[in-house]
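In: Below are the sequence and a predicted model; questions follow.
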Amino acid sequence: NIYLIAKYSLRAVDCTAKRNMAVLTLCFIFLLHIYISVSESFAYDPSTDKEPLLSCGSRLVRSMQTSRIVGGSQVRVGEIPWMVSIQKKKGKKRIYFCGGSVLTERWIVTAAHCLVDYNLKTLIVMAGEQNVNFNEGFEQLRNVRKVVKHPFYTVEGSLNDIALLELEHPLRMGYKYRVGSICLPDQGQSFTGSCTVAGWGQTAEEENQNHGDLNAVSVPIVKDPSCNDLLPQQSQQYFICAGYPQGGKDSCQGDSGGPLFCPDPMNNAIMTLAGVVSWGVGCARPNLPGIYTRVSKYSDWIKEVIPNYSPYYKNSAPRRTTYLTLMTISISFVLVLSRNMH
């Protein structure tokens, strides 16, 4: 029996009463009410600390090892969970134009040159996205509250080519949502070896349109003269070069603002934001590596802009199991009751 409170008195309702559709319906509504109430009690609340924490730089699905960006491979939702697309609204359409990376539930980092000419009212960020042309169920659209370009950004030379976007509403993050944050490097930290660049840009220099699917490719950090030859000596401190001497793999047009991320030297499973796609000469040409804003030069500035920055975020994964369990119990209960009526 289920006891219902009605007009300050308790009365029992026999949910197994045969041939009583009204009672069965009442029981179902009551169970559904319990399900909704419990589900809402587990709703994501950034103001509480009850959820387990995840570290920045953690992939939320197992990385695919197959081996298009130029010369790269397609990735799945959650494989690069900090990746966001920056778009502008035009009527009922959304137009992708740059990439970005999640730093916290409210802050995105991208390239300043993406925002030389923008309208805050039409600027949006899309997280949890794999294809910019189709919705697949994990997308979270957020309007932008504020744009903070580096105060010393210069269009000429692209010096200090970095900007932050504050979202109007926080992102929902964790395994369930396939959205997470990327780790910031320490101020002045340097990187070596193989790193990864991702984006929705062109997959070949001669293409005239961006690619719909998110792609990624591994590229080595370049520290030889082929990088220095591209940069005036006074600007080398602002940039990182990455690419192969023979070319063939690189970021390209449309990838601007996206991440170049490298494994943490102490934990290869954790990824750190080494660079932001800035510029290059063509795409994937021999001896012409891609040029990335050196994020470690701006880590202190970023932490000054973002209040209470933390490399950890709340994970909402356990609630998905709770939802499914509650719904399964409710449906099973009703099916049993229905059979008892016949």
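Out: Thanks, I have the structure now. As the structure is a prediction and not an experimental result, all values here were calculated from the model. Numbering: from 1, shown residues only.
In: okay, and for the chain, where does confidence drop off?
Out: Within the chain, the ranges that satisfy pLDDT under 70 run 1-51, 62-73, 202-211, 224-226, 234, 245-254, 280-287, 316-342.
In: Could you list the domains of it?
Out: 2-44+318-340, 53-314 (automatic domain parsing).
In: in the stretch 201-342 of the chain, which spans are helices?
Out: 225-228, 299-305, 318-340 (DSSP state H, counting those that start in this stretch).
In: How about the contacts made by residue 228?
Out: Contact analysis of residue 228 by CB atoms under 8 Å, 6 or more residues apart in numbering lists residue 236. Every residue, glycine included, has its C-beta placed from N, CA and C.
In: gap between it and residue 146?
Out: 36 Å (CB to CB, to the nearest Å).
In: again with residue 269
Out: Computed as CB to CB, the residue 269 to residue 146 distance reads 33 Å.
In: and if you look at residue 307?
Out: Distance check for residue 307 against residue 146: by CB to CB, it reads 12 Å.
In: So which of the two has more stuff around it?
Out: Neighbours were counted for residue 307 and for residue 146 using other CB atoms under 10 Å; residue 146 has more, 13 against 9.
In: my guess is the more buried one contacts residue 165, does it?
Out: Yes - contact criterion CB atoms under 8 Å: residue 146 and residue 165 qualify, at 7.4 Å.
In: for the chain, which strand is longest?
Out: In the chain, assigned by DSSP state E, the strand with the most residues is strand 267-279.
In: what packs against that strand?
Out: strand 93-102, strand 107-110, strand 194-199, strand 239-242, strand 259-264, strand 290-294 (3 or more CB pairs under 8 Å, 6 or more residues apart in numbering; DSSP states H and E).
In: Pairing partners for the longest one, with directions?
Out: Strand 93-102 has these partner strands in its sheet, going by DSSP bridges: strand 83-90 (antiparallel), strand 107-110 (antiparallel).
In: before we move on, what about the third one?
Out: In its sheet, strand 194-199 lies beside strand 215-222 (antiparallel), strand 259-264 (antiparallel), with partners assigned from DSSP bridges.
In: out of those, which comes closest to residue 91?
Out: Among the strands paired with strand 194-199, the nearest to residue 91 by CB to CB is strand 215-222 (27.9 Å).
In: Deepest-packed of the helices and strands packed on strand 267-279, please.
Out: strand 290-294 (a mean of 28; mean count of other CB atoms under 10 Å).
In: Let's see the distance spanning stretch 174-187 from one end to the other.
Out: Using CA to CA, to the nearest Å, the end-to-end distance of stretch 174-187 comes out at 27 Å.
In: Tabulate the strands paired with strand 93-102 (JSON lines), appending distance to residue 232.
Out: Converted to JSON lines, the strands paired with strand 93-102 look like this (distance: least, CB to CB, whole Å):
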{"stretch": "strand 83-90", "distance to residue 232": "29"}
{"stretch": "strand 107-110", "distance to residue 232": "24"}
